[in-house]
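> starting from these lines, generate the structure:
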Amino acid sequence: MIGVVILAAGASRRMGTQKLHLPIWGKPVLQHVIDAAIASAPEEIVVVTSDATGLNRAVSLPPQVRVIENRDSESGQASSP
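Just a heads-up that it's a prediction; the model follows:
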């Protein structure tokens with residue numbers, strides 16, 4: 001089984017705004033990452049985020065993408081489930 005985990009729980013503090021939601025070529029950066037993951041045809045795709053609601057508003061998630069919300073993302077990457 002091959003799976004993809006996309007770590008998207010960063011706060012983008014230095015940027016001042018959520019950089020994964022910024023548009024590049026008409027769609028959010030994170031959407032490009034998700035689309036590339038889907039194109040690789042893994043058996044599972046998991047997106048770890050600190051804000052599941054914001055993620056769902058920013059990108060289009062097909063049914064095979066599972067979202068996990070890391071409510072302790074301020075503690076750093078090691079806190080991702």
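
> contacts for the one helix or strand residue 45 maps to, please.
Assigned by DSSP states H and E, residue 45 belongs to strand 44-49. Contact with strand 44-49 is made by 1, 3-9, 30, 34, 37-38, 55, 61, 64-70, 80-81, as judged by CB atoms under 8 Å, 6 or more residues apart in numbering. C-beta: built from backbone N, CA, C; applies to glycine.

> other SSEs contacting the helix or strand just after it?
Downstream of strand 44-49, the next assigned helix or strand under DSSP H and E is helix 52-58. Here helix 52-58 touches helix 29-39, strand 65-69, going by 3 or more CB pairs under 8 Å, 6 or more residues apart in numbering; DSSP states H and E.

> CA atoms of the shortest one as CSV?
Below are the C-alpha coordinates for strand 65-69, written out as CSV (Å, rounded to 0.1, in the frame of the first residue of the first chain):
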residue,chain,number,x,y,z
VAL,A,65,-8.7,12.5,0.7
ARG,A,66,-8.9,12.2,4.5
VAL,A,67,-8.4,15.3,6.6
ILE,A,68,-7.0,15.1,10.1
GLU,A,69,-7.0,18.2,12.2
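
> the strand holding residue 45 pairs with which strands, parallel or anti?
strand 3-8 (parallel), strand 65-69 (parallel) (DSSP bridges).

> what mean pLDDT does the last one get?
Right, strand 65-69. Throughout strand 65-69, pLDDT has a mean value of 89.

> got it, and stretch 36-50?
91.

> mind checking how far it is from the chain centre?
Relative to its chain's centre, stretch 36-50 lies at 9 Å (CA atoms, centre = their mean, to the nearest Å).
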